[in-house]
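Chemist: output the structure for:
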Amino acid sequence: MKFSQIHHMPYTGINEAGLGWPISNRRFDAKTAIDLFRTYIDVKVFAEACGFDEIGSNEHHMSPFGMMPNPNLIGAALIERTSTARIFQCGNLVPLINPLRIAEEYAMLDVMSGGRLTAGLMRGIPHEYVAYNIAPDESWGRMREAVELILRAWTEPEPFGWEGEYYQFRAVSIWPRPVQKPHPPLAMSGGSPSSARFAAEFKAIMGILRVTDLGQAKELIRIYTEQARADGWEPGPDRFMVGVPTAVAETFGEAKQVLHQGTQYFFDVLQGGINRAQQLVVRNTRYNSGDRNVRPLDRDQQMKLASVEERIERGQVLCGTPDMVVDQIRRMYAELGHGHMNLIIKIGNMPDDFVHRSMRLIGEGVLPRVRSLGTEASERAA
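Modeler: Purely as a prediction, here's the structure:
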């Protein structure tokens, strides 16, 4: 079992709930943001010392939800302060950006890190298309064509031209090329049936980045596996990543209280306006065309109202003492058989000193006891 740490780098200098989208940046305070950036990058770097295998950064726009409109800048900063942890970009929003720019920047990160890049190629959530004025109806077409172009740019040793539906380039020959061959490992979201099938087509690590319940996660893994077998290959546990908000403390009471408070801030302040923008996009476009089983837009509200104990039972969060979290991870693995976990270690306005302490407890009392899960299963099968 491998573990990633991800931190969305939220701006927590506002406390007004129910704000629209985009949230006015007149609320932005430079001193607060400088302090947050320094703290957040230190926390990401600390993940390596705690034993995490990967450090994650992602992309969002026009919201205090996350201050990383370009996560590759954060990835470059992490490379200079780490030596062993993989740089997990989860990732660039492919349909919104020039795909050659993604290919070039990811190649740079792979070279700078000595081959430590995990290349996340994400479609993005609905409101991002409004932010960058890209038609949501085109999201899947742009995604497929861009991924194919990026892979060819990484692997084709001679200049080539590209005449697609969405992208046209007379000559392509990127410098540098990635260090990893044939290219860095891919990671893609698998939050819907269409996403799961798409990830399998490209043999990407599929991230179920927000678990609704273990049944939903198991079904998405089944869909991915079915597509992979139809394409003639068999996916192993290393192709499945489960993402969960995580709070670890010396007592369950403290972990529960901090997670609950951070969750309320996340849904009320950081996520509220985004949800309304997403509803408008999904209801008025074909963004989710072809998916009948996508996560309902009101599910976030249901998650907010659920108790921490209920969310633990559903596999939505990891919360408690190190012993409790070990048991929770073992239970999830028994149900899903996944080989990666992506731990979201700051939820909402969770205090940063708690985040640091929680990571230390994970490194000392959780990771050493669950790394062998996949190995144990292989030895029993043999």
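Chemist: residue 339 against residue 3, yeah?
Modeler: No. Residue 339 is not in contact with residue 3 according to Cβ atoms under 8 Å; the separation is 10.4 Å. In short, each C-beta sits where N, CA and C put it, glycine included.
Chemist: confidence score at residue 136?
Modeler: Residue 136 is assigned 87 on the pLDDT scale.
Chemist: how near is it to residue 102?
Modeler: 19 Å (Cβ to Cβ, to the nearest Å).
Chemist: which one's more surrounded, the two?
Modeler: Set residue 136 next to residue 102 and count neighbours by other Cβ atoms under 10 Å: residue 102 wins out with 24 against 21.
Chemist: pretty sure that one sits against residue 93.
Modeler: No. The pair residue 102 and residue 93 fails to qualify as a contact (Cβ under 8 Å) at a distance of 9.2 Å.
Chemist: can I get stretch 315-331 as PDB, trimmed to CA atoms?
Modeler: Extracted C-alpha coordinates of stretch 315-331, given in PDB (Å, rounded to 0.1, in the frame of the first residue of the first chain):
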ATOM      1  CA  GLY A 315     -15.600   5.000   4.200                       C
ATOM      2  CA  GLN A 316     -15.900   8.700   3.600                       C
ATOM      3  CA  VAL A 317     -13.200   9.700   6.200                       C
ATOM      4  CA  LEU A 318     -10.400   8.400   8.300                       C
ATOM      5  CA  CYS A 319     -10.700   9.700  11.900                       C
ATOM      6  CA  GLY A 320      -9.500   8.800  15.300                       C
ATOM      7  CA  THR A 321      -6.400   7.500  17.100                       C
ATOM      8  CA  PRO A 322      -3.700   5.800  15.100                       C
ATOM      9  CA  ASP A 323      -5.100   2.400  16.200                       C
ATOM     10  CA  MET A 324      -8.500   3.300  15.000                       C
ATOM     11  CA  VAL A 325      -7.300   4.600  11.700                       C
ATOM     12  CA  VAL A 326      -5.200   1.500  11.100                       C
ATOM     13  CA  ASP A 327      -8.400  -0.600  11.600                       C
ATOM     14  CA  GLN A 328     -10.400   1.800   9.200                       C
ATOM     15  CA  ILE A 329      -7.700   1.400   6.500                       C
ATOM     16  CA  ARG A 330      -7.700  -2.400   6.900                       C
ATOM     17  CA  ARG A 331     -11.400  -2.500   6.500                       C
END
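Chemist: roughly how far is it from the heart of the chain?
Modeler: Stretch 315-331 sits 20 Å away from the centroid of its parent chain (Cα atoms, centre = their mean, to the nearest Å).
Chemist: residue 35: how many residues sit nearby?
Modeler: Residue 35, neighbours per other Cβ under 10 Å, totals 13.
Chemist: what helix or strand is it on?
Modeler: Remark: residue 35 resides in helix 30-50, with elements defined by DSSP states H and E.
Chemist: which parts of that helix are buried?
Modeler: Residues of helix 30-50 classed as buried by neighbour count (16 or more other Cβ atoms under 10 Å): 36, 37, 39, 40, 41, 43, 44, 45, 46, 47, 48, 50.
Chemist: grab the nearest non-local neighbour of the last one.
Modeler: Computed as Cβ to Cβ, 6 or more residues apart in numbering, the closest residue to residue 50 that is not its neighbour in sequence is residue 363, at 3.1 Å.
Chemist: then the first one?
Modeler: Setting aside the residues directly before and after it, residue 36 is nearest to residue 11 in space (Cβ to Cβ, 6+ apart), at 6.6 Å.
Chemist: likewise the fourth one?
Modeler: Once flanking residues are discounted, residue 40 sits nearest to residue 9: 4.7 Å by Cβ to Cβ, 6+ apart.
Chemist: show me the contacts for the residue nearest to residue 320 when sequence neighbours are not counted.
Modeler: Excluding the flanking residues, the one nearest residue 320 by Cβ to Cβ, 6+ apart is residue 252, at 4.6 Å. By Cβ atoms under 8 Å, 6 or more residues apart in numbering, residue 252 lies in contact with 319, 320, 321, 324.
Chemist: hey, what's the second one bridged with?
Modeler: For residue 320, the residues forming beta bridges with it (DSSP bridges) are residue 248.
Chemist: ok, it - contacts?
Modeler: Taking Cβ under 8 Å, 6+ apart, one finds 247, 248, 249, 252, 255, 256, 312, 328 in contact with residue 320.
Chemist: residues near the last one, how many?
Modeler: Counted with other Cβ under 10 Å, residues neighbouring residue 328 total 21.
Chemist: in this structure it contacts residue 312, no?
Modeler: Yes. Residue 328 lies in contact with residue 312 (Cβ under 8 Å); the separation is 6.3 Å.
Chemist: common neighbours of these two, please.
Modeler: By Cβ under 8 Å, 6+ apart, the residues touching both residue 328 and residue 312 are 318, 319, 320.
Chemist: closest to residue 223 among the residues you listed?
Modeler: residue 318 (24.4 Å; Cβ to Cβ).
Chemist: my read is that the closest one contacts residue 345, right?
Modeler: No. Using Cβ under 8 Å, residue 318 is not in contact with residue 345, being 10.1 Å away.
Chemist: just give the nearest non-adjacent residue to residue 357, would you?
Modeler: Nearest residue to residue 357 in three dimensions, chain neighbours excluded: residue 249, at 7.2 Å (Cβ to Cβ, 6+ apart).
Chemist: how far away is the one you found from residue 5?
Modeler: Applying Cβ to Cβ to residue 249 and residue 5 gives a distance of 17 Å.
Chemist: what's the weakest-modelled helix or strand in this structure?
Modeler: Sorting the helices and strands of the chain by mean pLDDT, DSSP states H and E puts helix 373-381 at the bottom, at a mean of 57.
Chemist: next, count neighbours for residue 144.
Modeler: Neighbour number of residue 144 under other Cβ under 10 Å is 19.
Chemist: wait, what's in contact with the residue nearest to the spatial centre of the chain?
Modeler: Nearest to the mean C-alpha position of the chain, counting by Cα atoms, centre = their mean, stands residue 90 at 4.6 Å. Contacts for residue 90 (Cβ under 8 Å, 6+ apart) come out as 4, 6, 56, 57, 58, 118, 120, 122, 187, 207, 209, 342.
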